[in-house]
Every structure is written in C-alpha cells, then in structure tokens.
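Trainee: Pasting the sequence and the predicted model now:
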There are 2 protein chains.
Amino acid sequence: MKAEIISIGDELLIGQVVNTNASWMAEQLNMAGIKVNCILAISDQKEQILETLRMASKRSDVLLLTGGLGPTKDDITKKTVCEFYGSKLVFDEDVFKDVKSIFGKRGFVVSEVNRMQAEVPDNCTPIHNKNGTAPGLWFEKDNTILVSMPGVPFEMKAMMEGFIIPELSERFELPSLLNKTVLTHGVGESSLAAIIEDWENGLPGNIKLAYLPQPGIVRLRLSGTGKDKADLQSQIDKEVSKLHGLIPDLIFGYDRDTMEEVIGGLLGARKATLGTAESCTGGYIAHLITSVAGSSGYFEGSVVSYSNSVKEKTLEVSSKTLEEFGAVSEQVVLEMARGAKKRLNVDYAIAVSGIAGPSGGTDEKPVGTTWIAIATPEKTFAKRFRFGEHRGRNIRRAALAALNMLRLELTSF
Amino acid sequence: MKAEIISIGDELLIGQVVNTNASWMAEQLNMAGIKVNCILAISDQKEQILETLRMASKRSDVLLLTGGLGPTKDDITKKTVCEFYGSKLVFDEDVFKDVKSIFGKRGFVVSEVNRMQAEVPDNCTPIHNKNGTAPGLWFEKDNTILVSMPGVPFEMKAMMEGFIIPELSERFELPSLLNKTVLTHGVGESSLAAIIEDWENGLPGNIKLAYLPQPGIVRLRLSGTGKDKADLQSQIDKEVSKLHGLIPDLIFGYDRDTMEEVIGGLLGARKATLGTAESCTGGYIAHLITSVAGSSGYFEGSVVSYSNSVKEKTLEVSSKTLEEFGAVSEQVVLEMARGAKKRLNVDYAIAVSGIAGPSGGTDEKPVGTTWIAIATPEKTFAKRFRFGEHRGRNIRRAALAALNMLRLELTSF
C-alpha cells in the first residue's frame, strides 16, 4: 500500500513556507507502517491539481491532500476535487453544526462565506474538524482513497491522528515497518563507511541503511520491513548491537537524542556539576547545554573569555602563558579549564580556544585549529582538532567535539 | 520558464528530515524571477527517480535535483542520471583536485571511495564544490536543463548562489523582479499590520507585501515586478522610505541583516566594548554576537551565571538582593549588568534573567517572565518582558529583546 502526500499552495512554491506539514504526516504514516511513495507541493491552480490527481491516483493507493479548503477565493481544492470526481456540492447539516460551534466559541455569527464551508461533495464522507470551519473530505473510488484536509497544521494533525490514520490502519493489512537511528560523532561519513563496511554488507535484505551526515555528526538510519513487528524489532536490535560492538566510542545516542541531552543525563546520574570556559565557541556550548530543560540541575555557568583580558582576570590564565604560547594552545586551554573549575566551583569543566575564522589563521595555526580541554575531579587533559574554514560550522563542530570529549570521559572509554 | 525542484532521499519520505532545502531553493529562484512549478520529494530508488525525470522533463524547463551524491552505497543519483541520459562515467582531473583539496585541508588522504567522487558523466559540466567532495552536475538535453546537487545544505547553497542562479539568469530572459525585506522587532504580526495598514493599502499594484513572522522578528518582504530594473528599484526605495517614516524604531535592518550584525556595526562605529551576563539565555546572546566575524573587535566576553552562586561570586550580585527579590527581578538584573560591566571591564553590558520554562513558573512570575538590563557608560536600566511557554522560543526572544534594547540605546531612540 502506497500513500502520497500532496500539499497545495503557492506559498510553498515561492519558499515562503517550509513544508513541515508534509514531514509531520510522513513521519506519522511511516510509524503506522504506511509507506509514503512521494511528497508533492503544487500551486493553487485547477489544471495542475487535476493533472496531479490523475497521475497520483495511478501510482498510489491513498492520496492525502492538504491546503486550499479555506473560505476565500484562492482556496479551490474543494471544487477542483468535485470536478475530478464529477460530484456536486450539497449542504451538510452536521458539518454546519460544527461550523456554527466554531463561530459560537469565538462569539461570532456565521457569515454567508462561512456557511458555504458546510457544502460538501455528495460522494464523500466529511471528516469532523473540531478546530476550524473546513471539514476533511474522504473519497473512495476505483480502489483509490483520496482525503482532502485543511492546511492549518493543528486542524490537519487532529484529523490525521483522530480519524485518518486509525481508519487506514483498519482498512489495510499493513506490513510492520521500523526505524532505528544511530547517532555517531568522531569520524566523517566516508571513514565511518569504511569502518562498518563488513557489517553493512552483512545486513539482512529487509533492513536498509542510510547515512545522514550533519556538521560533526553522522546519523545511521536502519529501516526494516517485515511481517511480524516483534521479530523485526529483535532483528534490528541485533544489528544495532553488532554495530555498537564495532564502534562503541563513536555512538553517542539514538533516534532523537542530542549530545547535550546525553551529557545532561550522564551528569545527572553522577550528581556532578559542569561549567564551561569558552573562547572561540563564544557561549555556544553553554547555550546547547542550557537548551535542555532541567539543565539548572547540573550546569552552574560559563565564562566566555573572548578577550585575553577576561582569560587572565576571570579564569586566572597567566599572562606569561598567553604570551609564550598564544591564546590557541594546549597550555592556555588547560589553564582555562582549571580556572573555570575553580571559578565556577564545578566538578567538570570544558575549555575551548580556537581560530573560528574567517581571519586570524597562520601557517602554523590555520583557521579551524582548536584546542579543547576537559577538567575532571582527578585530572585535566587537552586535545587538538583541525576543523574547516567556515566560522559557523567550526563553532558547531568545536562544541560537539568538546561535549563528546566530556561524554567519553563520563562513560570512561 | 518553469523550474522544478526534485529532492531525493528516503529520509524525506519517512519525515525524518524537513525539506528546508526545497523551500530555500524556491525562495532564491522566486527572487531571481524564476517560477517554481512544483516541488517533489522522492525515494532513493532508481525506478522512481527515472520515472520522475521522464515526467518532469516534459512539464518543466529546468530540473533541480538534490541528494544522493555522497560516496556511499545508498547514494544512487549520479549513476541513475547517467542511465537517464545514456552517459558514462569518466574520471575528471579538475574535480579530483577539488576532492584532494578538501581532504588535504582536513589532513586526510583520499580513500578509494572518495576517489570515485571525481568520476562524472561524460555529457555533463561539473560544478565546483568548494565545501564537499561531490561536484554538481549540469546537463542540457532536448531543451531541458537538469542540475544535480548534493543534499548537504551548505554545499547546495554555495552552488546555487555561486553558479546555478547566475547561469540561469543569464540564459533566460527573466522579468525584472526585485525584493526588499524590512526587518522589524518589537510588535507582533497583527499589531504591525494595523500600524502600517494605510501604507499597505496604498502600495502600487506591481508591489506585493508578505509578512514573514519568526519568533521575535517580523520580516516584511516587498516584491516588485516591472520592465525597467532602475525604475522598479526607485519605486521600492520610495515605499521603504515611507515605511521607515512610520515605524523608525521598529526597523532594525534590511534583507539578510541580523540583529547581532547591526549591534556589531553600532559598537564598532563607537569603538565601544560589550559584555553579557546571562542567566536564562544561557550564553545564547554571547553566541549570537560571536557568530559575527570580527566580533573580537568589540566583544570582551560573558558571564553565564546560571546558578545563584555564580551570580554572587563572579558578578557580585548580593545574596540579600537574591533572597529578597528572587533571581528573576529588576534588582538582580540591574546588579548583574553592573557586575558584568565591572568584571568584564566593558563600556556596555547586557544582563538577562528569566524563567525559560517549562517549569519554574509561579502565579506572580509565570514561565516566560524575563527581566533585561542594559548598562551604559552613563546609566543602568531594566525592563520586564513576558514571553510564552516554549523554552527554546523564550530563549530566542529574550536574546533578541536584549540586543534590541541595546540597539535602541546605541541609536538613541
């Protein structure tokens, strides 16, 4: 069984709106075991809608339309679908009750334009919309199901969750479909591929692997299909466990985990506190950590020592060390970490100093050169990294590398 | 002339990734005067890619593909496009130089898998990729242009801006189309609409207005079409100038300006220095400021005082004030600003303390309550804000409000 998502609206084609509706729907359908065949965004033009419906009904079993059901002139989906199915509009008393109730809640009287929202094609089943005036429209013809929904996200979501997905799940015998995403940090896509090549080649035919790289992170997504959900789950668990055996230190989490949440969990479990001393990352590590709700339980604060003067006065980095080795050096970053641990009175401290770019690089220390230190209750150690030339990505990659160094320390690799 | 965007990757069809590439491309094309006919997301499967290319080349003049150009097995776009055009792969020395340079910068040797990135179809023009190993591929056949790009956003964007859009603009006679985006902060979309209603109603027919709201910012985009570019430019300039007369204090910049760049420019012009004291924003303001290249010229650093202990010890907030008024109070935020000014030895200091949520709110101080103070060489003052309930957006909005308070002070409104 194949579903197809068709988003209707010019705002998508001029890039004014990002199609988050489609990705949300795709995720929900996928989790229900319904395969999404393709996602389209098309304009509010009758001919293009008709042509798209003709094509889509040939290749997919379920067409899910959003958009163009509002009461204004540019909303033409309802009458176009009517034309596609040769149906005519009839006034529906039940839908009109919904419309009146929506207006009643807001203290308004139903206008003539909104009364027309209760007109529905005679060959469809209207879907109740508790959040707006446009009902969903459910059509079935020639083995194709077509559902038209409003484009307003929370109206569409309520219909999908409350009616459409349960209904589709009942109609079709759906194959089990499971995804597991493994999050890695430490090596790039191609190096990772080389390390796990044998494992990848040995994957069963019903499990596919995708590499999803981001700056500093490579996500590995395993997608499996099968008849029995429990069997499939144990099959995927087995493969993930094999993978973990190959690259235990590179895996920092699964699915929607973030590095900063993982760090928070590790610190929370130890009842340990953290602080940061940031030069080139400029507060970004502190921002990542504090973007996690509840981080005040383990995060004390940070000294963003962008200038040498702050490094000296607040982190007690010695002026001699700064002069002798430069701000981007092992010696300085070690002193920063020790200084932050003392100043912020924490168990663990992260310190970063690097050349984010675009200027400031030298032959010896090109843009991207970054020193990261970790102070623990027992020791302080540092490592040098070479990132790229792009300022924003250097900051992001340095922050992830720093958090990962702490993670490895907290998990004792 | 019609363009079509085809995004390739299963991650889009399972809803794991939101198709922001497509909306960015659509926006850029639209601004260049190129109409986007439709946007598709399809899977990494040969047959579906081939079928899509057959259909799309019938209905559109330019096909812009992203995704599936990586070095790993699941990346099949290159060989599928080869099959579509009946071309064969040949090794390209120039592309290989690019690949080697990417690896050289990172201190790695090119692996066999990555050497294959330099193989390109014999009937295409490779597009230089300065940010990654996969070149873009530009094909022309039977009056259709097909361009295949990597799916990594910054690689794709560099190619679009640096080569593809300029090249398309040169090939086709595009109508003059000009955009000017006015960036506002301070009032929400509907209030802003009420303030500028008369101006909006008086806009000439060839200039359209779009409201593009983001947390804390409303962008107003004027899009004009016309025959003569210079006339159109002066027409738009005139309208922007009228708008500026109506809301001088709400406008903080234009087009791709950011609040943090504007602040940087103002501080740089005064040769003044800045520091921040951040509680609920957790280093995010410092991060915004230091994301601007050259910010070390005016930014000294920050004290992220997430805990009260850091507020007391490093910012010299008195324990009595903390006890009497609580951390989220006018008194504390004023002391934080004064403390930061002294500790970081700066001309201007920003201090923020608030309840980002989701927990920590009370009846008197609900989640979203935020105090912001500014210290200048002459004075220190504070203002209370009430943001919403969403942690991430509260942090973003607090940071923008704080920077805007400083902006208004620096521009003396």
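Mentor: Arrived safely, thanks for sending.
Trainee: where does chain A dip in pLDDT?
Mentor: Across chain A, the ranges flagged by pLDDT under 70 are A:106, A:413.
Trainee: Which helix in it has the most residues?
Mentor: helix A:391-410 (DSSP state H).
Trainee: elements contacting it?
Mentor: With contacts taken as 3 or more CB pairs under 8 Å, 6 or more residues apart in numbering or on different chains; DSSP states H and E, helix A:391-410 sits against helix A:259-270, helix A:284-290, strand A:348-354, strand A:369-375, strand A:380-386. The way it works is simple: take the backbone N, C-alpha and C, and place the C-beta from them, glycine included.
Trainee: Pull out the buried positions in the following helix or strand past the second one.
Mentor: Moving toward the C-terminus from helix A:284-290, the next helix or strand (DSSP states H and E) is strand A:299-305. By 16 or more other CB atoms under 10 Å in any protein chain shown, the buried positions in strand A:299-305 come out as A:Phe299, A:Glu300, A:Gly301, A:Ser302, A:Val303, A:Val304, A:Ser305.
Trainee: what's strand A:299-305 in contact with?
Mentor: By CB atoms under 8 Å, 6 or more residues apart in numbering or on different chains, the surrounding residues in contact with strand A:299-305 are A:273-279, A:282-283, A:285-286, A:289-290, A:310-311, A:314-315, A:317, A:336, A:339-340, A:343-346, B:276, B:282-283, B:286, B:290, B:301-307, B:309-310, B:314.
Trainee: element containing A:Gln48, please.
Mentor: Using DSSP H and E, A:Gln48 maps to helix A:46-59.
Trainee: correction: A:Leu177
Mentor: strand A:176-184.
Trainee: Summarise which helices and strands the very next helix or strand once past that strand is packed against.
Mentor: Using DSSP H and E, the helix or strand that follows strand A:176-184 towards the C-terminus is helix A:189-195. Helix A:189-195 is packed against strand A:207-214, strand A:217-226, helix B:112-115, with contacts defined by 3+ CB pairs under 8 Å, 6+ apart.
Trainee: again, 7 Å this time
Mentor: strand A:207-214, helix B:112-115 (3 or more CB pairs under 7 Å, 6 or more residues apart in numbering or on different chains; DSSP states H and E).
Trainee: you'd agree A:Ala327 is in a strand?
Mentor: No. Counting by DSSP: H, G, I helix; E, B strand; the rest coil, A:Ala327 is not found in a strand; it is coil.
Trainee: quick one, domains of chain A?
Mentor: Here the domain assignment for chain A is A:2-171, A:176-254, A:259-410, based on automatic domain parsing.
Trainee: if we can go back for a sec, parallel or antiparallel, list what pairs with the strand holding A:Leu177.
Mentor: Strand A:176-184 has the following sheet partners, assigned by DSSP bridges: strand A:217-226 (antiparallel), strand A:251-254 (antiparallel).
Trainee: Rebuild these as TSV, extending it with mean neighbour count.
Mentor: Output for the strands paired with strand A:176-184, formatted as TSV (neighbours: other CB atoms under 10 Å in any protein chain shown):
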stretch	mean neighbour count
strand A:217-226	19
strand A:251-254	18
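Trainee: gap between the residue in chain A sticking out farthest from the centre and A:Gly326?
Mentor: Here the centre of chain A is the reference, and by CA atoms, centre = their mean the most remote residue is A:Lys320, at 45.7 Å. Distance, A:Lys320 to A:Gly326, by CB to CB, to the nearest Å: 12 Å.
Trainee: got it, and A:Lys227?
Mentor: In terms of CB to CB, A:Lys227 sits 63 Å off from A:Gly326.
Trainee: If you count surrounding residues, which of those two has more?
Mentor: A:Gly326 (16 against 10; other CB atoms under 10 Å in any protein chain shown).
Trainee: Same list (the helices and strands packed on helix A:391-410) but as JSON lines, adding distance to A:Ala399.
Mentor: JSON lines is the format used below for these (distance: least, CB to CB, whole Å):
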{"stretch": "helix A:259-270", "distance to A:Ala399": "8"}
{"stretch": "helix A:284-290", "distance to A:Ala399": "5"}
{"stretch": "strand A:348-354", "distance to A:Ala399": "8"}
{"stretch": "strand A:369-375", "distance to A:Ala399": "10"}
{"stretch": "strand A:380-386", "distance to A:Ala399": "11"}
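Trainee: where does the residue farthest from the centre of chain A fall, phi/psi-wise?
Mentor: The phi/psi pair for A:Lys320 (degrees, to the nearest 10) reads phi -60, psi -50.
Trainee: try A:Thr125
Mentor: phi -100, psi 120.
Trainee: That one - how many residues pack around it?
Mentor: A:Thr125, neighbours per other CB under 10 Å, totals 15.
Trainee: Go ahead and confirm it touches A:Trp138.
Mentor: Yes. With contact defined as CB atoms under 7 Å, A:Thr125 counts as touching A:Trp138 (4.4 Å).
Trainee: quick one on the thing from earlier: between the helices and strands packed on helix A:391-410, which gets nearest to chain B?
Mentor: Across the helices and strands packed on helix A:391-410, chain B has its closest neighbour in helix A:284-290 (2.7 Å, CB to the nearest CB).
Trainee: Just the C-alphas of the closest one, formatted as CSV.
Mentor: What follows is helix A:284-290 as a C-alpha-only set of coordinates in CSV (Å, rounded to 0.1, in the frame of the first residue of the first chain):
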residue,chain,number,x,y,z
TYR,A,284,27.6,28.2,22.2
ILE,A,285,28.4,25.2,24.4
ALA,A,286,26.7,26.8,27.3
HIS,A,287,23.7,27.6,25.0
LEU,A,288,23.5,23.9,23.9
ILE,A,289,23.6,22.7,27.5
THR,A,290,21.0,25.2,28.7
